[in-house]
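In: here's my sequence, what's the structure:
(one chain, ligands or ions: 1)
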Amino acid sequence: MQLRFQDSTVRRVIIDYSLGLMLGDNMGDDDELFTITEANLDSGLRGVPVGTCRTSFVDPIEGVHYVGYPVGDLANLEEEDVIYLLLNKRLPTEEESATFRAELAHRAEEMPTGALRVLESLTPGSGHPMDWLAIGIMALGAADSTGDTRSDSMNLIARMPELMARLFLLRGGKPEDLRPRKPELGLVENFVHMLGVEGEEAERMERVLRFFFILHMDHGGGNLSTFSGKAVASGRASVYASIASAMNALSGPLHGRANQACLEFVQRIGTSDPVEIEDFVRSELAAKRPIYGFGHGVLRAEDPRASLLIELGSEICPEDENYKIVTALREVVPPILKEIPKISNPYPNVDIASGSLLHSVGFRKPDYYTTFFGWARVAGICAQILDERSARDGRGTPIYRPKYIPREQPHQRLK
Ligand code: MLT
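Out: Just a heads-up that it's a prediction; the model follows:
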């Protein structure tokens, strides 16, 4: 299939994935890829190629692929194996998988106490959970940065489950519920165990979280959190500082925090009756309010991650009220959005169903949902930072320095 940057004002770039051709295979250093026109300025770099990515790419129709695999092929694997794939660009053998899991478990056996004290000093309920996540990551770095990109990445990936569990319980004012860590259980399983959830409830929670985790790990190189993390890392800042910056980027409502807004939107609708939903959506549009869970900067069809989550929901929570609203929205909204010519993608994105599934397995507070997104993306961003550090025959990607063109700045002098 051919991917085209469909901006009529620019020269087209064609990368043919079906033939396995990637940039570099058939292009010389001086081949022109893209022509910048004035329309590209002040557009958030939308669609402008700025680098290469080895972990994943996003096909506008078929969605995200990790190292060539459509994410749906990987969604039921162990989460550690998918992290291994992003880091090593191939799936592990059974033995490699066991060694990798053991390494992660070993690295999670201890948490720097200084970092924990920082979280304990925050007031329960204060700020947004994403603030706590960025603070927690910075605190881990302040206490325990080694300066080695791989070690720091692996330590952070390994310790995220405990950071997440502590964040949930400390911010929620229930620190006494925290169970002692059991990293040998696996990343998601250790988190669920530390929250004190057991039995069938824990199994359902793990199933949804593992699936969510894998679907959210990576989304090409240009999404805002990944790009921000890599930009900070390009100045040779630590992995912790880079990932905390990425989490802050993710916290915006136009990026990761949309999954929180989407469940709140679903709850506000409060009915799965298609006629009432249509009235609701039309009145939101008339009031110029956003319709959450639809559209995407790159995708031009239903996000396969949305389809996969909706499919999982049909097994996990078919009778859940929020889930029923989500499936009704999926049918009702696209034809309405198609009536608006400037909307290039009227289809559901990953946020449409993730919140209702998390809610149905016991995570009742939507403001925590973006922390799951952030936790998942730590692996993808670390993998991309590692790739950028070893790019150009080990010299690494230089410090990011795009050019801004002066506007309304005539030369002036103080008299
Ligand atoms: C996503 O997962 O959909 C993103 O991070 C948003 C994007 O790709 O720009």
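
In: for this structure, where's the lowest mean pLDDT among helices and strands?
Out: strand 2-4 (a mean of 36; mean pLDDT, DSSP states H and E).

In: what residues does the stretch 151-300 of the chain put near the ligand?
Out: Applying C-beta under 6 Å from any ligand atom, we find that the stretch 151-300 of the chain lies next to the ligand at 219, 223, 296-298. (Glycine included, C-beta is placed from N, CA and C.)

In: mind putting those into CSV with secondary structure and pLDDT?
Out: Output for these, formatted as CSV (DSSP: H, G, I helix; E, B strand; the rest coil; pLDDT from 0 to 100):
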residue, secondary structure, pLDDT
219, coil, 98
223, coil, 98
296, coil, 96
297, coil, 93
298, coil, 95
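
In: burial check on the residue in the stretch 301-415 of the chain that the ligand sits nearest to, number of neighbours?
Out: Residue of the stretch 301-415 of the chain nearest the ligand, by C-beta to the nearest ligand atom: residue 350 (5.6 Å). By other C-beta atoms under 10 Å, 27 other residues sit near residue 350.

In: give me the pLDDT value at the residue lying closest to it once chain neighbours are set aside.
Out: Nearest-residue entry for residue 350: residue 305, 4.0 Å, with adjacent residues in sequence omitted and distances by C-beta to C-beta, 6 or more residues apart in numbering. On pLDDT, residue 305 comes in at 98.

In: so residue 87, which of the three states?
Out: Recorded secondary structure, residue 87: helix (DSSP: H, G, I helix; E, B strand; the rest coil).

In: other residues contacting stretch 84-98?
Out: When contacts are defined by C-beta atoms under 8 Å, 6 or more residues apart in numbering, stretch 84-98 is touched by residues 54-56, 66-67, 69, 74, 77-78, 80-81, 100, 153, 217-218, 379-380, 382-383, 386.

In: so where do the helices sit in the stretch 1-150 of the chain?
Out: For the stretch 1-150 of the chain, applying DSSP state H, counting those that start in this stretch gives helices covering 71-74, 79-88, 94-107, 113-120, 129-144, 149-171.

In: just the stretch 251-400 of the chain next, same as before
Out: 258-269, 274-286, 304-316, 321-338, 351-360, 369-390.

In: give the next helix or strand downstream of whatever helix or strand residue 193 lives in.
Out: Here residue 193, judged by DSSP states H and E, is contained in helix 187-194. Moving toward the C-terminus from helix 187-194, the next helix or strand (DSSP H and E) is helix 199-215.

In: identify the residues contacting that following helix?
Out: Residues outside helix 199-215 that contact it (C-beta under 8 Å, 6+ apart) are 71, 74-79, 82, 187-189, 191-193, 197, 305, 308-309, 312, 316, 350, 354, 357-358, 360-363, 372, 375-376.

In: quick one: residue 171 from residue 55, how far?
Out: 31 Å (C-beta to C-beta, to the nearest Å).

In: please apply the same query to residue 321.
Out: Between residue 321 and residue 55 the computed distance is 37 Å (C-beta to C-beta).

In: please say which of those two ends up with more neighbours.
Out: In this view residue 321 and residue 55 are compared by other C-beta under 10 Å, and residue 55 has more residues nearby, 25 against 16.

In: so the more buried one makes contact with residue 380?
Out: Yes: using C-beta atoms under 8 Å, residue 55 is in contact with residue 380, at 5.9 Å.

In: hey, what's in contact with both of these two?
Out: With C-beta under 8 Å, 6+ apart, residue 55 and residue 380 have common neighbours 86, 218.

In: contact partners for the residue nearest to residue 350?
Out: Going by C-beta under 8 Å, 6+ apart, residue 305 touches 63-64, 71, 215-216, 349-350.

In: tell me which two of these sit farthest apart.
Out: Largest separation among the contacts of residue 305 by C-beta to C-beta: 71 and 349, giving 13.5 Å.

In: residues in contact with stretch 116-127?
Out: Stretch 116-127 is contacted from outside by 132, 135-136, 139, 142, 163, 166-167, 170-173, 175, using C-beta under 8 Å, 6+ apart.
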